[in-house]
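Asks: Provide a 3D model corresponding to the input given below.
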Amino acid sequence: MKKFSYQISLLIMCVFIVLGSCKKEDDNNNNNNNNNNNNTPTTVTDGGGNVYNTIQIGNQLWMKENLKYDVSGSYCYGDLPANCSEYGRLYTYAAANTSCPTGWRLPSDADWKTLEMFLGMSQADADAEGWNRGTDQGTKLKTGGSSGFNAKLGGFKNPLGLYEEKDASGYFWTSTVTQTDYAYNREVNMGAKVTRTFNVKTYGFSVRCIKN
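Replies: Below is the predicted model of the structure:
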């Protein structure tokens, strides 16, 4: 009888050990997941009432969609409202710096580097300028990529007022100024990499906001 009770106790202990191990594995998987946890907002609303999904990537909380807030200095690609709905608006640097919702901001060059390095880019490549940086971070950032960032290739508006490169490239402002009239930006295109360069502030580029 004692032997039978001992076997039952041993069986119960084994069950608890297995259940505890499964819970720990689930917790680890949740910690490594890029999706929002219960402590972060899943949406954010801009000053015009547009609602955006958000995505937690590493320690950063990003908007998962291009900004659509209609302000002076922002444009729909080709002046077509349907493109604003699909790709968001294109902003001059000045407009981009003042258009993110309360509690959010235009990401800096350093914020973009943090994102890129979380996705596997080296520090040296993150600091480099030009297109030949990293490996497949552009692929991860684009719509359908593993990061969930869903970068749209919304093209740009040049200082002459011409719209170019929709569905071929997406350009995103950073808040970081490199010269008086220039600021850093990122380009995600049909290739696998992410271009880091700077352009004159009167270009119209897309905006992704980051949580303060």
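Asks: tell me the contacts of the residue positioned nearest the centre of the chain?
Replies: Nearest residue to the geometric centre of the chain (CA atoms, centre = their mean): residue 149, 4.2 Å. By CB atoms under 8 Å, 6 or more residues apart in numbering, the contact set of residue 149 is 55, 57, 62, 64, 115, 140-142, 208. To be clear about C-beta, it is placed using only N, CA and C from the backbone, and glycine gets the same treatment.
Asks: and it, how far from residue 45?
Replies: Computed as CB to CB, to the nearest Å, the residue 149 to residue 45 distance reads 20 Å.
Asks: same check on residue 66?
Replies: Using CB to CB, we find residue 66 at a distance of 15 Å from residue 45.
Asks: residue 112 too?
Replies: Noted for residue 112: a distance of 24 Å to residue 45, by CB to CB.
Asks: ok, these two, which is more surrounded?
Replies: Neighbour count, other CB atoms under 10 Å: between residue 112 and residue 45, residue 112 has more, with 22 against 12.
Asks: what sits against the more buried one?
Replies: 172, 174, 184, 186, 196.
Asks: neighbours around the fourth one, how many?
Replies: For residue 186, the neighbour count with other CB under 10 Å is 27.
Asks: what helix or strand is it on?
Replies: Assigned by DSSP states H and E, residue 186 belongs to strand 182-189.
Asks: tell me the angle the helix or strand just after that strand makes with strand 182-189.
Replies: Per DSSP H and E, the first helix or strand lying C-terminal to strand 182-189 is strand 194-200. In terms of direction (axes from the mean of the first three to the mean of the last three CA atoms, to 10 degrees), strand 194-200 departs from strand 182-189 by 140 degrees.
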